[in-house]
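1. I would like to see how this sequence folds:
(chains A and B, ligands or ions: 5)
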There are 2 protein chains.
Amino acid sequence: KQLLPIVHVLAILVLVILIVWNYYFRGGFGLSGNAVFNLHPVFMFAAFGYLSGQAILVYKTVDGDKTYQKAVHLTLNGVAVLVALVGVAAAYKFHLDNKFDNFYSLHSWFGITTIIFYLVQWILGFVSFWTQSIPSAQRAEVLPWHVFFGFTTFVLALVTIQLGLLEKLTFLQKGSPPLGLWSREALLVNSLGIIVFIYGAIVVLSALI
Amino acid sequence: KQLLPIVHVLAILVLVILIVWNYYFRGGFGLSGNAVFNLHPVFMFAAFGYLSGQAILVYKTVDGDKTYQKAVHLTLNGVAVLVALVGVAAAYKFHLDNKFDNFYSLHSWFGITTIIFYLVQWILGFVSFWTQSIPSAQRAEVLPWHVFFGFTTFVLALVTIQLGLLEKLTFLQKGSPPLGLWSREALLVNSLGIIVFIYGAIVVLSALI
Ligand code: HEM
Ligand code: HEM
Ligand code: HEM
Ligand code: HEM
Ligand SMILES: O=C1O[C@H]([C@@H](O)CO)C(O)=C1O
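-> Ligands and ions are numbered 1, 2, ... in the order given. Sure, this is the predicted structure:
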């Protein structure tokens, strides 16, 4: 319970570092060139890190009856998927504009899988627990699976974020001129990866206790 | 319970793919040059993927009294740490031999953190539950934290493995001559990453149900 403010502080810290990174070191945000790609990491963490993390914690953080909590939970997760789709579109447009291949990397394979898991999880959750179109006994049976796959999907997203950070940094360090292995930017992004891991662990812990 | 054979099948599949990859595509194993690096991925998954995964499942898989299960659990985790240290030494020697920098990447930061977590987790587990040098009431309080940090440490290792796979592949794809984005080797390694994720999810699920 005392962890809940820490969750917000860490999430905002991550967002600030992502924005600082892409704004000061990567040339900022926009709708073409590198600037469109730079939206990708920020949108992805905002969606699957912050919004979805808050969605998972709703049953701990939001007062009100169960129906109200469910409404917030499904809305936050729904908005997360929409924001994520915009974020993926940014990476995709960047690839199209530059005639880069699509979906070749381990990061993008994890990314696609994450999006599909979120869509399936959302639809199954909606049908089972919102429209309640299955009988109550079956709902009780389905719930632990919803919880397990919900956490799995969240972890999948966090792993994808780590892969994205490493991949972007490696591209820069293999680019010309190469970014220094010990440059301030590299240390910033590595630290970001560690903070994102701590954030994820604290979200899961807060949901479980 | 029916998942337990699947855990072994997946772990062995991962090991076989890692060996095939490094043997046929990367030039095989040895004590110098690339051949020493090639030991690294195999040892790391053998240690923190397979052995530690089996250690976590001991309380589900090994018949016998609690003391016996604990002995197996601590031995498997202990051997895992030792095998992992050899695996890291292989990567470190490769860096030294080639005068590459050490510990600059997000992968290696996660890697170091994983090793430290394993060492601390093992020592605290040993002191608390094997020598039982703290009173029983305190042991009961410590146990859920041991379980939480145990799973966290295992997940940290699995994330590190994913980062390692992506990093190695990216180096090859940015090398000269560059490895094809859609080469058989790239598809093999990407598939491996997905299988490792499934493996990890099934280990955690099997431990929890
Ligand atoms: C869960 C969060 C994320 C998801 C689901 C995701 C998904 C994706 C997808 C599907 C692509 C492929 C686009 C294409 O090929 O047209 C992509 C590309 C990329 N993403 Fe992410 N991403 C996430 C987070 C991040 C983060 C935090 C970074 C950090 C910078 C990042 C860096 C990259 C890079 C460098 C590419 C281009 C190279 C490639 O295709 O792998 N991603 N992402
Ligand atoms: C991608 C979308 C979703 C994800 C990732 C997700 C994830 C999760 C997770 C991780 C939990 C466990 C929370 C905890 O133990 O504190 C949970 C619980 C739950 N979710 Fe979802 N969920 C999603 C969509 C939905 C939807 C659309 C509904 C429809 C109402 C829903 C209904 C529920 C319910 C009823 C619970 C159980 C609350 C309780 O009694 O503890 N979820 N979800
Ligand atoms: C939990 C498992 C793993 C741990 C703890 C780990 C740890 C480490 C550490 C500490 C280093 C730094 C060595 C140095 O700088 O001298 C390293 C390097 C490296 N590892 Fe791993 N590793 C793991 C798994 C893997 C896997 C499965 C691969 C896949 C090929 C891999 C690929 C690499 C690569 C390419 C390097 C050299 C580049 C770098 O320093 O990041 N690792 N690893
Ligand atoms: C790096 C080393 C270790 C890791 C990663 C680790 C991890 C874990 C995990 C994940 C669990 C939960 C298993 C489950 O719920 O099925 C667990 C349980 C346990 N571990 Fe460890 N452990 C380590 C070392 C040790 C050591 C050295 C001892 C000393 C005996 C120990 C004693 C126990 C005990 C008593 C349990 C509880 C079993 C039960 O009653 O359910 N662990 N450990
Ligand atoms: O040594 C042990 O401590 C815990 C428990 O007894 C604490 O309550 C446990 O399961 C052991 O085997």
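
2. From here on, just use CA atoms for contacts and neighbour counts.
-> OK.

3. Quick check, the residue in chain A closest to ligand 5?
-> The nearest approach of chain A to ligand 5 comes at residue A:209, 17.9 Å away (Cα to the nearest ligand atom).

4. residues touching residue A:72, list them.
-> Contacts for residue A:72 were tallied using Cα atoms under 8 Å, 6 or more residues apart in numbering or on different chains; they are A:55, A:58.

5. Helix or strand: which one has it?
-> helix A:66-97 (DSSP states H and E).

6. Which neighbouring elements make contact with the helix or strand following that helix?
-> The helix or strand immediately downstream of helix A:66-97 is helix A:106-125, counting by DSSP H and E. The contact analysis (3 or more Cα pairs under 8 Å, 6 or more residues apart in numbering or on different chains; DSSP states H and E) places helix A:106-125 against helix A:66-97, helix A:136-173, helix B:184-208.

7. Those helices into TSV, with extra columns for mean pLDDT and distance to residue B:66?
-> TSV is the format used below for the helices and strands packed on helix A:106-125 (pLDDT from 0 to 100; distance: least, Cα to Cα, whole Å):
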stretch	mean pLDDT	distance to residue B:66
helix A:66-97	98	40
helix A:136-173	97	27
helix B:184-208	97	16
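
8. is stretch A:169-188 anywhere near ligand 1?
-> No - figure legend: stretch A:169-188 not in contact with ligand 1 (Cα under 6 Å from any ligand atom); closest approach 7.5 Å.

9. Just the buried residues of that stretch, please?
-> Neighbour counts over stretch A:169-188 (16 or more other Cα atoms under 10 Å in any protein chain shown) mark A:169-170, A:172-174, A:179, A:181, A:185-187 as buried.

10. so which pair among these is furthest apart in space?
-> In terms of Cα to Cα, the buried residues of stretch A:169-188 reach their longest pairwise distance at A:174 and A:187, which sit 16.0 Å apart.

11. Leaving out the residues flanking it, which one is nearest to residue A:178?
-> residue A:172 (6.1 Å; Cα to Cα, 6 or more residues apart in numbering or on different chains).

12. Using JSON lines, please lay out the helices and strands packed on helix A:106-125 together with distance to residue B:52.
-> Compiled in JSON lines, the helices and strands packed on helix A:106-125 are given as follows (distance: least, Cα to Cα, whole Å):
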{"stretch": "helix A:66-97", "distance to residue B:52": "33"}
{"stretch": "helix A:136-173", "distance to residue B:52": "19"}
{"stretch": "helix B:184-208", "distance to residue B:52": "10"}
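
13. of those helices, which approaches ligand 4 most closely?
-> helix B:184-208 (4.2 Å).

14. list the helices and strands the closest one packs on?
-> Using 3+ Cα pairs under 8 Å, 6+ apart, helix B:184-208 sits against helix A:106-125, helix B:3-20, helix B:52-61, helix B:136-173.

15. quick check: angle from the longest one to helix A:106-125?
-> Yep, that's helix B:136-173 we're talking about. 130 degrees (axes from the mean of the first three to the mean of the last three Cα atoms, to 10 degrees).

16. close enough to count as contact, residue A:102 and residue A:95?
-> Yes - with contact defined as Cα atoms under 8 Å, residue A:102 counts as touching residue A:95 (6.7 Å).

17. neighbour-wise, which of these two wins?
-> Taking other Cα atoms under 10 Å in any protein chain shown, residue A:102 and residue A:95 do not tie; residue A:95 has more neighbours (16 against 12).

18. For ligand 3, see how far away the residue nearest the centre of chain A is.
-> Centroid check for chain A by Cα atoms, centre = their mean gives residue A:48 as the closest residue, at 2.3 Å. To ligand 3, residue A:48 is 24 Å away according to Cα to the nearest ligand atom, to the nearest Å.

19. Residue A:84 too?
-> Taken as Cα to the nearest ligand atom, the span from residue A:84 to ligand 3 is 28 Å.

20. That residue against residue A:49, yeah?
-> No - at 10.2 Å, residue A:84 and residue A:49 do not qualify as touching, with contact defined as Cα under 8 Å.

21. re the thing from before, can you tell me which of the helices and strands packed on helix B:184-208 is most buried?
-> helix B:52-61 (a mean of 21; mean count of other Cα atoms under 10 Å in any protein chain shown).

22. Please say whether there is contact between that one and ligand 4.
-> Yes - counting by Cα under 6 Å from any ligand atom, ligand 4 has neighbours in helix B:52-61: B:56-57, B:59.

23. Between these, which sits nearest ligand 1?
-> When the residues of helix B:52-61 next to ligand 4 are ranked by distance to ligand 1 (Cα to the nearest ligand atom), residue B:56 comes first, at 27.5 Å.

24. Contact residues of chain A facing ligand 2?
-> So chain A meets ligand 2 at A:56-57, A:59, A:70, A:74, A:77, A:118, A:121-122, A:125-126, A:129-130, A:147, A:150-151, A:153, A:207-208 (Cα under 6 Å from any ligand atom).
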